[in-house]
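1. A predicted structure for the sequence below; I have some questions about it.
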Amino acid sequence: MSTRYPIPTAPYRVEEEINRSRFITTLAPAATVGEAQAFIGSIREEYSDATHNCWAFLVGPPGTSSQVGMSDDGEPHGTAGRPILNVLSHCSVGDIVAVVTRYYGGTKLGKGGLVRAYSSGVQLALDGLTTEEKVARTQLSVLIPYSDVKAFQRLAKLVEAEICEERYEADATFILGVPEEEVSRFKAELNDITDGAGIIEEAP
(Lines give C-alpha, C1' and ligand atoms only; values in the text may rest on other atoms or scores of the structure.)
Protein backbone atom coordinates (compact mmCIF):
# COMPACT_ATOMS: atom_id res chain seq x y z
CA MET A 1 0.00 0.00 0.00
CA SER A 2 1.34 3.40 -0.98
CA THR A 3 2.23 5.74 1.87
CA ARG A 4 2.25 8.80 -0.42
CA TYR A 5 -0.60 9.77 -2.70
CA PRO A 6 -2.53 12.83 -3.94
CA ILE A 7 -5.58 14.02 -2.00
CA PRO A 8 -7.91 16.98 -2.70
CA THR A 9 -6.55 20.28 -1.44
CA ALA A 10 -10.04 21.72 -0.86
CA PRO A 11 -13.65 21.20 -1.97
CA TYR A 12 -14.26 21.78 -5.67
CA ARG A 13 -17.53 22.11 -7.59
CA VAL A 14 -18.67 22.03 -11.20
CA GLU A 15 -22.09 22.30 -12.77
CA GLU A 16 -23.53 21.18 -16.09
CA GLU A 17 -26.94 20.84 -17.73
CA ILE A 18 -27.86 17.62 -19.53
CA ASN A 19 -31.24 17.36 -21.27
CA ARG A 20 -32.69 20.06 -19.01
CA SER A 21 -31.52 18.35 -15.80
CA ARG A 22 -29.05 20.33 -13.69
CA PHE A 23 -26.12 18.33 -12.31
CA ILE A 24 -23.89 19.82 -9.60
CA THR A 25 -20.82 17.78 -8.68
CA THR A 26 -18.91 18.58 -5.49
CA LEU A 27 -15.65 16.88 -4.53
CA ALA A 28 -13.90 17.18 -1.17
CA PRO A 29 -11.13 15.58 0.92
CA ALA A 30 -12.19 12.81 3.31
CA ALA A 31 -9.50 11.24 5.49
CA THR A 32 -12.06 9.07 7.34
CA VAL A 33 -15.46 7.54 6.68
CA GLY A 34 -16.88 9.94 9.28
CA GLU A 35 -15.52 12.95 7.39
CA ALA A 36 -17.04 11.64 4.16
CA GLN A 37 -20.43 11.12 5.79
CA ALA A 38 -20.34 14.57 7.38
CA PHE A 39 -19.60 16.17 4.01
CA ILE A 40 -22.41 14.24 2.33
CA GLY A 41 -24.76 15.48 5.07
CA SER A 42 -23.68 19.08 4.50
CA ILE A 43 -24.42 18.85 0.76
CA ARG A 44 -27.81 17.27 1.44
CA GLU A 45 -28.59 20.21 3.70
CA GLU A 46 -27.31 22.76 1.17
CA TYR A 47 -29.35 21.20 -1.63
CA SER A 48 -32.29 19.92 0.39
CA ASP A 49 -34.69 20.79 -2.43
CA ALA A 50 -32.80 18.75 -5.05
CA THR A 51 -34.35 15.71 -6.70
CA HIS A 52 -31.33 13.56 -5.82
CA ASN A 53 -28.04 13.87 -3.93
CA CYS A 54 -26.11 10.80 -5.09
CA TRP A 55 -22.67 10.08 -3.69
CA ALA A 56 -19.63 7.89 -3.30
CA PHE A 57 -16.43 8.03 -1.31
CA LEU A 58 -13.04 6.33 -1.21
CA VAL A 59 -10.97 6.58 1.96
CA GLY A 60 -7.34 5.54 1.63
CA PRO A 61 -4.87 5.35 -1.27
CA PRO A 62 -6.12 5.57 -4.88
CA GLY A 63 -7.83 2.38 -6.02
CA THR A 64 -8.34 0.96 -2.54
CA SER A 65 -11.63 -0.80 -1.82
CA SER A 66 -11.48 -1.37 1.94
CA GLN A 67 -13.29 1.86 2.90
CA VAL A 68 -15.74 2.87 0.20
CA GLY A 69 -19.41 3.75 0.10
CA MET A 70 -22.04 4.83 -2.44
CA SER A 71 -25.70 5.69 -2.83
CA ASP A 72 -28.10 6.11 -5.77
CA ASP A 73 -30.38 8.25 -3.55
CA GLY A 74 -33.53 7.27 -5.40
CA GLU A 75 -32.13 6.99 -8.92
CA PRO A 76 -32.55 3.56 -10.63
CA HIS A 77 -30.25 0.98 -9.03
CA GLY A 78 -26.67 1.14 -10.30
CA THR A 79 -27.08 4.34 -12.32
CA ALA A 80 -25.52 6.87 -9.94
CA GLY A 81 -23.57 5.69 -6.89
CA ARG A 82 -21.73 2.90 -8.71
CA PRO A 83 -20.68 5.09 -11.68
CA ILE A 84 -19.47 7.80 -9.28
CA LEU A 85 -17.44 5.27 -7.29
CA ASN A 86 -16.10 3.71 -10.48
CA VAL A 87 -14.62 7.04 -11.61
CA LEU A 88 -13.16 7.69 -8.15
CA SER A 89 -11.65 4.19 -8.04
CA HIS A 90 -9.84 4.68 -11.34
CA CYS A 91 -8.50 8.17 -10.72
CA SER A 92 -5.13 8.88 -9.09
CA VAL A 93 -6.60 10.62 -6.03
CA GLY A 94 -7.26 9.10 -2.60
CA ASP A 95 -9.22 10.21 0.51
CA ILE A 96 -11.98 11.68 -1.64
CA VAL A 97 -15.76 12.06 -1.52
CA ALA A 98 -18.07 13.07 -4.37
CA VAL A 99 -21.69 14.20 -4.22
CA VAL A 100 -23.61 14.73 -7.46
CA THR A 101 -26.74 16.78 -6.95
CA ARG A 102 -29.47 16.53 -9.60
CA TYR A 103 -32.39 18.83 -10.24
CA TYR A 104 -34.71 16.95 -12.59
CA GLY A 105 -35.64 18.96 -15.65
CA GLY A 106 -38.57 16.92 -16.96
CA THR A 107 -36.74 14.81 -19.56
CA LYS A 108 -35.88 11.21 -18.65
CA LEU A 109 -32.31 10.24 -19.47
CA GLY A 110 -32.69 6.46 -19.32
CA LYS A 111 -30.32 4.19 -17.43
CA GLY A 112 -27.44 4.61 -19.87
CA GLY A 113 -27.89 8.37 -19.93
CA LEU A 114 -27.86 8.54 -16.14
CA VAL A 115 -24.66 6.48 -15.91
CA ARG A 116 -22.98 8.79 -18.43
CA ALA A 117 -24.24 11.93 -16.70
CA TYR A 118 -23.08 10.95 -13.22
CA SER A 119 -19.76 9.64 -14.52
CA SER A 120 -19.03 12.71 -16.64
CA GLY A 121 -19.83 15.10 -13.80
CA VAL A 122 -17.26 13.48 -11.53
CA GLN A 123 -14.65 13.33 -14.31
CA LEU A 124 -15.24 16.99 -15.13
CA ALA A 125 -14.73 17.92 -11.47
CA LEU A 126 -11.58 15.78 -11.24
CA ASP A 127 -10.13 17.57 -14.26
CA GLY A 128 -10.20 20.86 -12.35
CA LEU A 129 -9.42 19.55 -8.86
CA THR A 130 -6.25 20.74 -7.15
CA THR A 131 -4.39 18.16 -5.05
CA GLU A 132 -1.60 17.91 -2.53
CA GLU A 133 0.54 14.97 -1.45
CA LYS A 134 -0.49 13.04 1.64
CA VAL A 135 2.39 11.36 3.44
CA ALA A 136 1.63 8.62 5.95
CA ARG A 137 3.84 9.22 8.99
CA THR A 138 4.85 7.37 12.15
CA GLN A 139 5.08 9.49 15.30
CA LEU A 140 8.35 8.93 17.14
CA SER A 141 9.83 10.26 20.36
CA VAL A 142 13.61 10.75 20.23
CA LEU A 143 15.92 11.44 23.19
CA ILE A 144 19.51 12.38 22.27
CA PRO A 145 22.56 14.11 23.79
CA TYR A 146 22.95 17.81 23.03
CA SER A 147 26.11 17.10 21.07
CA ASP A 148 24.08 15.22 18.45
CA VAL A 149 21.29 17.76 17.93
CA LYS A 150 22.68 19.35 14.75
CA ALA A 151 23.35 15.98 13.14
CA PHE A 152 19.85 14.86 14.17
CA GLN A 153 18.30 17.95 12.58
CA ARG A 154 20.14 17.26 9.32
CA LEU A 155 18.91 13.67 9.36
CA ALA A 156 15.33 14.76 10.08
CA LYS A 157 15.44 17.10 7.07
CA LEU A 158 16.95 14.39 4.89
CA VAL A 159 14.09 11.95 5.57
CA GLU A 160 11.43 14.70 5.38
CA ALA A 161 10.43 14.30 9.02
CA GLU A 162 8.14 16.87 10.62
CA ILE A 163 9.34 17.98 14.07
CA CYS A 164 6.21 18.59 16.16
CA GLU A 165 7.76 19.29 19.57
CA GLU A 166 11.20 20.07 21.07
CA ARG A 167 12.23 19.93 24.73
CA TYR A 168 15.67 20.74 26.13
CA GLU A 169 16.27 19.36 29.61
CA ALA A 170 19.07 17.00 30.70
CA ASP A 171 19.03 15.76 27.10
CA ALA A 172 17.19 16.94 23.99
CA THR A 173 13.80 15.39 23.30
CA PHE A 174 11.96 15.60 19.98
CA ILE A 175 8.54 14.41 18.89
CA LEU A 176 8.44 14.02 15.14
CA GLY A 177 6.49 12.44 12.32
CA VAL A 178 8.65 10.30 10.03
CA PRO A 179 7.38 9.09 6.63
CA GLU A 180 6.57 5.41 7.06
CA GLU A 181 8.94 4.30 4.33
CA GLU A 182 11.80 6.16 6.04
CA VAL A 183 11.36 4.86 9.61
CA SER A 184 13.85 1.98 9.36
CA ARG A 185 16.48 4.19 7.74
CA PHE A 186 15.91 6.95 10.27
CA LYS A 187 16.34 4.60 13.24
CA ALA A 188 19.50 3.04 11.81
CA GLU A 189 21.14 6.36 10.95
CA LEU A 190 20.20 7.95 14.28
CA ASN A 191 21.79 4.99 16.05
CA ASP A 192 24.98 5.62 14.05
CA ILE A 193 24.94 9.37 14.72
CA THR A 194 24.58 8.92 18.49
CA ASP A 195 26.78 5.82 18.77
CA GLY A 196 23.79 4.03 20.26
CA ALA A 197 23.06 6.71 22.86
CA GLY A 198 19.80 7.87 21.23
CA ILE A 199 16.52 6.50 22.52
CA ILE A 200 13.70 6.10 20.00
CA GLU A 201 10.14 5.15 20.97
CA GLU A 202 6.76 5.21 19.31
CA ALA A 203 5.06 8.44 20.37
CA PRO A 204 1.63 8.03 22.00
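-> Sure, I can see it. Numbering: from 1, shown residues only.

2. Identify each buried residue in the helix or strand of the chain with the lowest mean pLDDT, please.
-> Using mean pLDDT, DSSP states H and E, strand 199-202 stands out as the lowest-scoring helix or strand of the chain, at a mean of 89. For strand 199-202, burial by neighbour count (16 or more other CB atoms under 10 Å) applies to I200. Every residue, glycine included, has its C-beta placed from N, CA and C.

3. by contact count, what packs against the lengthiest helix in the chain?
-> Ranked by residue count, the top helix of the chain under DSSP state H comes out as helix 110-128. Using 3 or more CB pairs under 8 Å, 6 or more residues apart in numbering; DSSP states H and E as the contact test, the elements touching helix 110-128 are strand 12-18, strand 21-29, helix 81-89, strand 96-103.

4. Just give the closest residue to E75, not the sequence neighbours.
-> In this structure, E75 finds its nearest non-sequential neighbour in H52, 5.5 Å apart by CB to CB, 6 or more residues apart in numbering.

5. L85 too?
-> A56 (3.7 Å).

6. any residues touching the host helix or strand of that neighbour, and which ones?
-> With the criterion set as DSSP states H and E, the secondary-structure element containing A56 is strand 52-58. Counting contacts by CB atoms under 8 Å, 6 or more residues apart in numbering, the residues outside strand 52-58 that touch it are 30, 33, 36, 40, 43-44, 47, 64, 67-75, 80-82, 84-85, 88-89, 94-102, 104, 118.

7. which residues are in contact with the following helix or strand past that strand?
-> Tracing the chain C-terminally past strand 52-58 and defining elements by DSSP H and E, one meets strand 68-71 next. Surrounding strand 68-71, the residues in contact under the criterion CB under 8 Å, 6+ apart are 33, 36-37, 54-59, 80-82, 84-85, 89.
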